[in-house]
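what follows is a predicted protein model with its sequence.
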Amino acid sequence: MKAIAYQTQQPIEHNDALMDIELDKPVATGRDILVNVRAVSVNPVDTKIRASASAAEGEYKVLGWDAVGEVVAIGEAVELFSVGDQVWYAGDLTRSGSNAEFQLVDERIVGLKPTTLSNVEAAAMPLTAITAWELLFDRIGFVPMLADDATADIAVSGAPKPSLLIIGAAGGVGSILTQLATQLTDATVIGTASRPESQAWVRELGAHFVINHHLPLAEQLKEHGIEQVSHVISLNQTDQHFAQLVEVLAPQGKLALIDDPKAPIDIMQLKAKSLSLHWELMFTRSMFNTWDMVKQHQLLSHVAQLVDQGRLKTTLGENYGTINAANLKRAHAHIESNSAVGKVVLEGF
């Protein structure tokens, strides 16, 4: 089968940073399904691993996690899928990736693809949707408003209306997170973006307010009548904003992050307000084979239903064409430029 891979970590400009190769077609066993990959998207995790991790001696490393495709074979213990199902998923960091014609993936981290989206539109969403969902509902404690009366307990308790500040709302995760937060919670959602086009994108996704993370955050929030926020989700450059995030969080607030701060963050700053800190890595469940691994199957099903109901839309940015080394190298370079708005997707081999 066709695959795109590398052996030694290289800058993306290097000729061998990504190469077109041929590999043996894998065989499904146990709870694995074998998927004929139709479309993939590129995430920052692809570029980070390509730039930092080489393959084992004499072997190739196949990147790629977001994927859409058709189930063509199933292992003997598979319960959730049948041959012919159209699926979407974000894979497992410890296994061979989706930049190949065929990929093995555990059924517990796979969902049925939304029926209303094309392969390209759907491939933009799984990794960011899983990350955003787990941030909102598994890490900082919002309850998804999947029923009409989901806000009743908040009104009875007298708790103030929650407010969520999203640092980096125009990126891949931010684009889904903004939609989920405005669609499935009663929080006031404030997204940050710095460029006019990215600010317009965040408003289009439903954010109630958009502010610039290159300017003082507290002053901009006050201009919108917001003294403090109950929740912050920081998606990039958390170390640069950390002191300001502590400043704008209300006592007993919650702070979550997904990035890798380049400078240490001083968690002692959280103590006076009893602020809690939460990390999110969507690969944790599959990396450690946790007891609740199937929750990713369940949440992908919820997201697919929301898409098919018209409540969530794809975050597709650009289609870079056929899945091959040349086009993937262009996609990696674009992601590394930190100028992407929406997701970069490729389709077909």
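Cool, the structure landed.

ok, then the element right after the helix or strand hosting Q240?
Using DSSP states H and E, Q240 maps to helix 238-248. Per DSSP H and E, the first helix or strand lying C-terminal to helix 238-248 is strand 249-257.

helices or strands up against the next helix or strand after that next one?
Note on strand 249-257: by DSSP H and E, the next helix or strand toward the C-terminus is strand 276-279. Secondary structure elements in contact with strand 276-279, counted by 3 or more CB pairs under 8 Å, 6 or more residues apart in numbering; DSSP states H and E, are strand 249-257. (Each C-beta comes from the backbone N, C-alpha and C, glycine too.)

in the strand it packs on, what's buried?
Of the residues in strand 249-257, 249-250, 253-257 count as buried by neighbour count, 16 or more other CB atoms under 10 Å.

now stretch 71-88
71, 73-75, 78, 80-81, 85-88.

export those as TSV, with columns for pLDDT and secondary structure.
Listed next are the buried residues of stretch 71-88 as TSV, based on pLDDT from 0 to 100; DSSP: H, G, I helix; E, B strand; the rest coil:
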residue	pLDDT	secondary structure
V71	98	strand
A73	98	strand
I74	98	strand
G75	98	coil
V78	98	coil
L80	97	coil
F81	98	coil
D85	98	coil
Q86	98	strand
V87	98	strand
W88	98	strand
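
and which of these is nearest G310?
Nearest to G310, judged by CB to CB, of the buried residues of stretch 71-88 is W88 at 17.8 Å.

that closest one and A67 touch, don't they?
Yes. Here W88 reaches A67: they are 7.0 Å apart, a contact under CB atoms under 8 Å.

need the residues touching each of these two.
Shared contacts of W88 and A67, defined by CB atoms under 8 Å, 6 or more residues apart in numbering, are found at 123, 126.

now do K25, the pLDDT please.
Note on K25: pLDDT of 97.

report the contact partners of it.
1, 101-102.

going by neighbour count, which of these comes out on top?
The residue in the contacts of K25 with the most neighbours, by other CB atoms under 10 Å, is F102 (22 neighbours).

residue contacts, that residue?
1, 25-26, 34-37, 72.

narrow those to those in strands?
In this view, those that belong to strands under DSSP state E are 34-37, 72.

columns pLDDT and distance to K295 on top of those, output as JSON lines?
As requested, the ones in strands among the contacts of F102 are exported to JSON lines (pLDDT from 0 to 100; distance: CB to CB, whole Å):
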{"residue": "L34", "pLDDT": "98", "distance to K295": "23"}
{"residue": "V35", "pLDDT": "98", "distance to K295": "20"}
{"residue": "N36", "pLDDT": "98", "distance to K295": "26"}
{"residue": "V37", "pLDDT": "98", "distance to K295": "24"}
{"residue": "V72", "pLDDT": "98", "distance to K295": "26"}
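
which one of these is nearest N119?
V37 (9.5 Å).

farthest-apart pair in the buried residues of strand 249-257, please.
Across the buried residues of strand 249-257, the longest distance by CB to CB is 17.8 Å; it joins A250 and L257.

A304: which element?
Going by DSSP H and E, A304 is part of helix 295-308.

would you mark the buried spots in that helix?
By neighbour count on 16+ other CB under 10 Å, the buried set for helix 295-308 is 295-297, 299-300, 302-304, 306-307.

which stretches of the stretch 101-250 of the chain form strands?
If DSSP state E, counting those that start in this stretch is used as the criterion, the strands of the stretch 101-250 of the chain fall at 102-106, 110-112, 163-167, 188-192, 209-211, 229-234, 249-257.

give me the distance from the first one to the chain's centre.
Centre-to-centre, strand 102-106 and its host chain are 19 Å apart (CA atoms, centre = their mean, to the nearest Å).

one more: the second one?
For strand 110-112, the separation from the chain centroid amounts to 15 Å (computed by CA atoms, centre = their mean).
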